[in-house]
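Trainee: prediction below, plus the sequence it came from.
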Amino acid sequence: MKENIGIVGAGICGLSAALALSRHGNEITIYERDLPPPPGNAEKAFFDWPRKGAAQFRHPHAFLGVMCNLLQKKYPSLIEKLWDAGARKISFEDMVPLELRDQYQQEPDDEEMWLLMCRRATMESVLRRHVEEIDNVNILSRHDIVGPTAVLDEKGVRLNGLEVRPNRGPVEVREHDIIVDASGRNSKFPIWFSDLGASISVEEEDAEIVYYTRHYKLNAGEDEPSRTGKDRSAGDLGYIKYGVFPGDNGHFAIILCLPNHETDLREAVKNPALFDKICRSIPGLYPWLEIGKSSPTTSSFGFGNIKAVWRHFVNKSTPVALNYFAIGDAAVRTNPLYGRGCSTGIVHAHLLEEVLHKISNPKERALAFDRVTEEELRPIYQASLQEDRLGKKRASAIFQGKKIDEQRGIKQWLRASFGDALASASRENMHVFRGVMKSFNLMEKPGYFLKDNRIKRTILRYMLRGRKKNSSARYQRGPSRLEMISIVKDEGNKAA
Ligand SMILES: Cc1cc2nc3c(=O)[nH]c(=O)nc-3n(C[C@H](O)[C@H](O)[C@H](O)COP(=O)(O)OP(=O)(O)OC[C@H]3O[C@@H](n4cnc5c(N)ncnc54)[C@H](O)[C@@H]3O)c2cc1C
């Protein structure tokens with residue numbers, strides 16, 4: 001049965017939902033409060049597209065293997081358009097660190113593990129234009145959704161449309177069989193449901209970090225430095241995490257991620273000159289910013305209030321509202337440091353496609369979508385949460401000047417010792433590195449590779465050689481926390 005579907009939000013997940021759901025002949029309308037991308041190329045989309053509705057729009061985005069592979073298999077012509085816009089492919093072989101190159105032999109799964117490198121503006125503008133060309137999809141820009149319309153009776157809440165404010169004018173009602181909420185992290189549906197007497201329970205945990213970005217472009221004639229050398233272009237110094245995101249058309253971005261309590265450094269990264277100073281003091285970043293290599297294209301800018309959030313739309317086997325499906329950040333959100341949001345959101349949109357295609361009963365649909373969301377996304381959410389908790393513990397130990405290796409209790413010691421052995425083994429053994437990369441790229445459930453006996457034996461061997469030898473693999477080379485604070489203070493004093 002063809003359905004009339006209203007999608008709220010033309011971000012990555014709303015557009016992906018339109019891609020997936022339009023394949024079954026449904027009539028689709030996407031409502032987006034922001035303007036469409038300006039005419040022109042990737043530069044125009046990045047520099048000139050006002051994108052207030054997606055505050056993270058100008059932060060760099062990694063697009064993981066699971067997402068790239070899904071798009072390639074289902075929508076090859078979209079991938080072609082991304083190449084035309086300047087996006088690049090990084091194959092698994094390209095990601096193999098220099099020290100593991102001589103162990104590398106191609107395995108069948110390797111081909112599916114690749115990354116698409118481009119700015120989010122490039123991805124989103126190309127995806128949007130691709131969706132605009134689909135006959136049964138209509139994208140309405142500057143259309144703000146101000147609430148759902150619903151029937152309330154003994155069966156509960158059933159959505160049957162949306163209240164829309166086009167171009168800041170009077171509100172109109174549009175009828176729909178199904179509403180897809182792809183309105184992102186600040187979705188108003190939980191408030192609207194509460195007004196209708198239906199409540200959504202929420203799991204929420206603060207990652208207690210801030211995330212700072214600055215964009216650069218390689219100078220004419222300059223090549224990208226290696227990302228896989230001894231000093232990696234992404235890593236952790238314990239009190240600061242950093243990473244280079246290579247983009248399209250010679251652009252790249254650097255992110256610095258700090259715990260909330262690092263007040264001196266948090267102040268410093270707001271200042272673009274100090275942002276660069278910090279980056280140049282980190283060996284893995286220096287080659288990208290050495291004199292003459294590149295030039296900044298933006299100031300440094302941040303993103304705070306970073307939380308893992310899971311919203312429950314089914315309460316004790318009863319859906320909160322029928323004909324309503326939340327996908328992407330409106331439903332599940334993880335720390336952007338792991339670069340998973342767009343990938344899980346696209347997977348989520350395609351899980352919705354399967355459910356709607358196979359099941360027609362509204363209640364069964366809601367329950368089935370809740371079930372597959374739990375099955376497919378919960379392990380990823382849980383793994384992200386665990387990484388956040390570990391990160392907070394370590395950052396707090398470093399801040400208090402405690403030895404991070406001092407763990408209370410045998411269980412914690414074993415866990416930390418296992419983590420160190422894994423980090424060390426993945427640097428020196430191709431099969432362990434491949435397993436870690438499968439998890440990273442969400443090609444399988446996080447940590448699934450640890451079931452492999454050969455990998456287990458290797459990690460055990462590393463554990464037996466003692467923690468001291470392994471623990472150095474966790475952190476990259478760079479200034480200590482106190483050295484970094486004095487670097488930024490010295491620079492600040494000079495400027496004063
Ligand atoms: C700093 C940062 C860095 C990140 N880095 C990565 C990364 O490296 N890789 C990755 O995969 N993910 C990353 N993410 C996460 C990623 O940005 C999100 O998971 C993803 O954008 C979610 O897509 P979405 O479509 O659900 O929401 P959004 O992209 O936020 O889109 C929501 C859309 O809905 C529109 N909208 C909202 N309300 C209304 C309304 N009432 N009416 C009409 N329109 C409305 C908005 O204008 C917007 O266009 C990062 C996030 C942050 C904060």
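Mentor: Yep, it's here. Residues are numbered from 1 along each chain as shown.
Trainee: what's the neighbour count on the closest residue to N441 other than its chain neighbours?
Mentor: Spatial nearest neighbour of N441, excluding adjacent residues (C-beta to C-beta, 6 or more residues apart in numbering): G65 at 3.1 Å. Backbone N, C-alpha and C define where each C-beta goes, glycine included. Residues lying near G65 (other C-beta atoms under 10 Å) number 22.
Trainee: residues contacting G65?
Mentor: When contacts are counted by C-beta atoms under 8 Å, 6 or more residues apart in numbering, G65 touches E112, M113, W114, L115, N441, L442, M443.
Trainee: that one and the ligand, how far apart?
Mentor: G65 is 12 Å from the ligand, where distance means C-beta to the nearest ligand atom, to the nearest Å.
Trainee: re earlier: most neighbours among the contacts of G65, which one is it?
Mentor: N441 (25 neighbours).
Trainee: how confident is the prediction for G492, by pLDDT?
Mentor: Looking at G492, its pLDDT is 68.
Trainee: same question, D329
Mentor: For D329, pLDDT reads 98.
Trainee: before we move on, what about G345?
Mentor: In this model, G345 carries a pLDDT of 98.
Trainee: that one: helix or strand, and which one exactly?
Mentor: helix 341-358 (DSSP states H and E).
Trainee: do P36 as well
Mentor: Going by DSSP H and E, P36 is not part of any helix or strand.
Trainee: go ahead and confirm it touches V131.
Mentor: No: at 11.2 Å, P36 and V131 do not qualify as touching, with contact defined as C-beta atoms under 8 Å.
Trainee: these two: who's more crowded?
Mentor: Neighbours were counted for P36 and for V131 using other C-beta under 10 Å; V131 has more, 22 against 16.
Trainee: so the more buried one belongs to a strand, correct?
Mentor: No: looking at V131 with DSSP: H, G, I helix; E, B strand; the rest coil, it is helix, so not inside a strand.
Trainee: list the contacts for it?
Mentor: Per C-beta under 8 Å, 6+ apart, neighbours of V131: A10, L15, A18, L19, S22, I30, V137, I139.
Trainee: recalculate using a threshold of 7 Å.
Mentor: Going by C-beta atoms under 7 Å, 6 or more residues apart in numbering, V131 touches L15, A18, L19, V137, I139.
Trainee: which of those residues sits closest to K270?
Mentor: L15 (32.3 Å; C-beta to C-beta).
Trainee: list the residues that contact the closest one.
Mentor: If you count contacts by C-beta under 7 Å, 6+ apart, L15 has them with L127, R128, V131.
Trainee: do the same with M123
Mentor: H61, F63.
Trainee: distance-wise, check it relative to the ligand.
Mentor: From M123 to the ligand the distance is 10 Å (C-beta to the nearest ligand atom).
Trainee: tell me the domain ranges of this protein?
Mentor: Domain assignment for the chain, taken from automatic domain parsing, gives 4-34+135-205+308-385, 208-305.
Trainee: let me know the pLDDT of the residue nearest to N441.
Mentor: 96.
Trainee: buried sites along stretch 288-306?
Mentor: W288, L289, K293, S294, P296, T297, S300, F301, G302, F303, I306 (16 or more other C-beta atoms under 10 Å).
Trainee: residue furthest from the geometric center of this protein?
Mentor: Note on the chain: the largest C-alpha distance from the chain mean falls to E154, namely 39.9 Å (C-alpha atoms, centre = their mean).
Trainee: just to revisit the earlier point, counting by contacts, list what the helix holding G345 packs against.
Mentor: With contacts taken as 3 or more C-beta pairs under 7 Å, 6 or more residues apart in numbering; DSSP states H and E, helix 341-358 sits against helix 12-21, helix 65-74, helix 362-399.
Trainee: who in the stretch 201-350 of the chain is up against the ligand?
Mentor: With the criterion set to C-beta under 6 Å from any ligand atom, the stretch 201-350 of the chain comes near the ligand through Y211, F303, G328, D329, A330, P336, G339, R340, G341, C342, S343, G345.
Trainee: farthest-separated two in those residues?
Mentor: Pairwise over those, using C-beta to C-beta, the maximum falls at Y211 and A330, 20.3 Å.
Trainee: comparing those two, which residue is more hemmed in?
Mentor: A count of neighbours by other C-beta under 10 Å puts A330 above the other of Y211 and A330, at 29 against 21.
Trainee: tell me which element the closest residue to the more buried one other than its chain neighbours is part of?
Mentor: Leaving aside its chain neighbours, A330 sits nearest to S187 (3.9 Å; criterion: C-beta to C-beta, 6+ apart). If you go by DSSP H and E, S187 is not part of any helix or strand.
Trainee: that older thread, compare the helices and strands packed on helix 341-358 and say which comes out lowest on pLDDT.
Mentor: Minimum mean pLDDT among the helices and strands packed on helix 341-358: helix 362-399, a mean of 93.
Trainee: check which residues of that helix are buried.
Mentor: 362-363, 365-370, 373, 376-377, 379-385, 387-388, 391-392, 394-395, 397-398.
Trainee: quick one, it and helix 65-74 angle?
Mentor: Angle of helix 362-399 versus helix 65-74, following axes from the mean of the first three to the mean of the last three C-alpha atoms, to 10 degrees, is 140 degrees.
Trainee: list of residues touching the following helix or strand past helix 362-399?
Mentor: Remark: after helix 362-399, the chain's next helix or strand is helix 410-428, criterion DSSP H and E. The contact list for helix 410-428 (C-beta under 7 Å, 6+ apart) reads 407, 432-433, 436, 458-459, 462-463, 467, 470-471, 473-474.
Trainee: which among the contacts of G65 gets closest to S201?
Mentor: Nearest to S201 among the contacts of G65, with distances taken as C-beta to C-beta, is L442, at 25.8 Å.
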